[in-house]
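Q: Here's a sequence, model it:
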Amino acid sequence: MPRKTDGIEFEIHPRPTKGEDGKPLLYVRPAKGRKMSFKQLEDFCNKYRNLRAGELQMVFDVVMDVVGRWLSDGYRVETPIGSFAPKLKLLGEHTDHKTIHGRDVKYAGIEFIPSKEFIKEGGKNREGYRKSDAPVGNSQMHDEKAMKEALRRSMQRGYTTIPDFMVFSGLKRDSAKAYLDSLCEGCKPCLKKVCESRRWLYFPQEDTTTG
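A: Next comes the predicted model:
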C-alpha cells in the first residue's frame, strides 16, 4: 500500500496522564519544521494573487505601525483575521487593590484571537492527515526495553550523567532527569545519585541495573 504523502503531517506525543491500561494518554500536533517564510508568502501573492512586488511588505509595515501604536495605548484592534490586544502582567503578589500602582504593571505581550472566518479558512484541510515517521517527543521514555538499553550504554564509565543519558536515550533534559531520578526512588532503587562539582552522577546500586 503506497505511503500517504499529502495532508497535514502530525506528530504523536504522550501526555502526563495515563489511561486505563497504565500507559500515557496520547495527543497529536502538527509536525515540526513545516513553515513558510514571508518571502514565500510574497512570492506566492505576487504570482497568484496579482500583488505587485513589495506591496505585501508595505501593507504589513503600515499595519504594524498603526496597530502597534493603538496596542501601546491599550486598545483592542479588530481585523479581518482576528483581534489583537495588549497583555498585562502584575508584578509581585497583591491581595489589596489599593496597593497596586502603575509601576506594578508590566507589558507581557500581545493576545491574538482569530476571527471565525480565519479559523474557517485555516480549517479547510482538503487532503486529510498523515502520521510523521520521525521519532518525536519523549514517547520512547515509556519503552522499558529501550530505556534499559540506553541506560546500559550510558554507563560506560561506571556511572551516567543527565547529558550522557540524553545522548543515548534521545530524551530532553527534564525527561532524562525525571527518568534517572525515578530509578533512585522506591524500596529497592536501581540507582543512587551523588552531586559532584555541581552535577549529578548516577551510579548503579546493583550489577543487574546495566546488564
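Q: Can you classify residue 119 by secondary structure?
A: Classification of residue 119 by DSSP: H, G, I helix; E, B strand; the rest coil places it in helix.
Q: again with the one 5 residues further on
A: When states are read from three-state DSSP, the local structure at residue 124 comes out as coil.
Q: burial measure for it, as a count.
A: 6 (other CB atoms under 10 Å). C-betas here are computed from N, CA, C, even on glycine.
Q: likewise residue 63?
A: 13.
Q: Pairing partners for residue 13 in the sheet, please.
A: residue 27 (DSSP bridges).
Q: how about the strands in this protein?
A: 8-18, 24-30, 77-79, 82-90, 105-114, 129-131, 160-161, 191-196, 199-204 (DSSP state E).
Q: Report all helices and strands that the fourth one contacts.
A: What that stands for is strand 82-90. helix 55-72, strand 77-79, strand 105-114 (3 or more CB pairs under 8 Å, 6 or more residues apart in numbering; DSSP states H and E).
Q: Pull out the buried residues from the second one.
A: Burial within strand 77-79, assessed by neighbour count using 16 or more other CB atoms under 10 Å, is assigned to residue 77.
Q: ditto for the longest one
A: Neighbour-count burial for helix 55-72, counted by 16+ other CB under 10 Å, picks out 56, 71.
Q: now for the helix or strand of the chain with the lowest mean pLDDT, which elements pack on it?
A: Least confident helix or strand of the chain, by mean pLDDT, DSSP states H and E, is strand 8-18 with a mean of 79. Packing partners of strand 8-18 (3+ CB pairs under 8 Å, 6+ apart): strand 24-30, strand 129-131.
Q: tell me how far the ends of stretch 184-203 are from each other?
A: 9 Å (CA to CA, to the nearest Å).
Q: oh sorry, the question was meant for stretch 31-46
A: Note: stretch 31-46 ends 28 Å apart using CA to CA.
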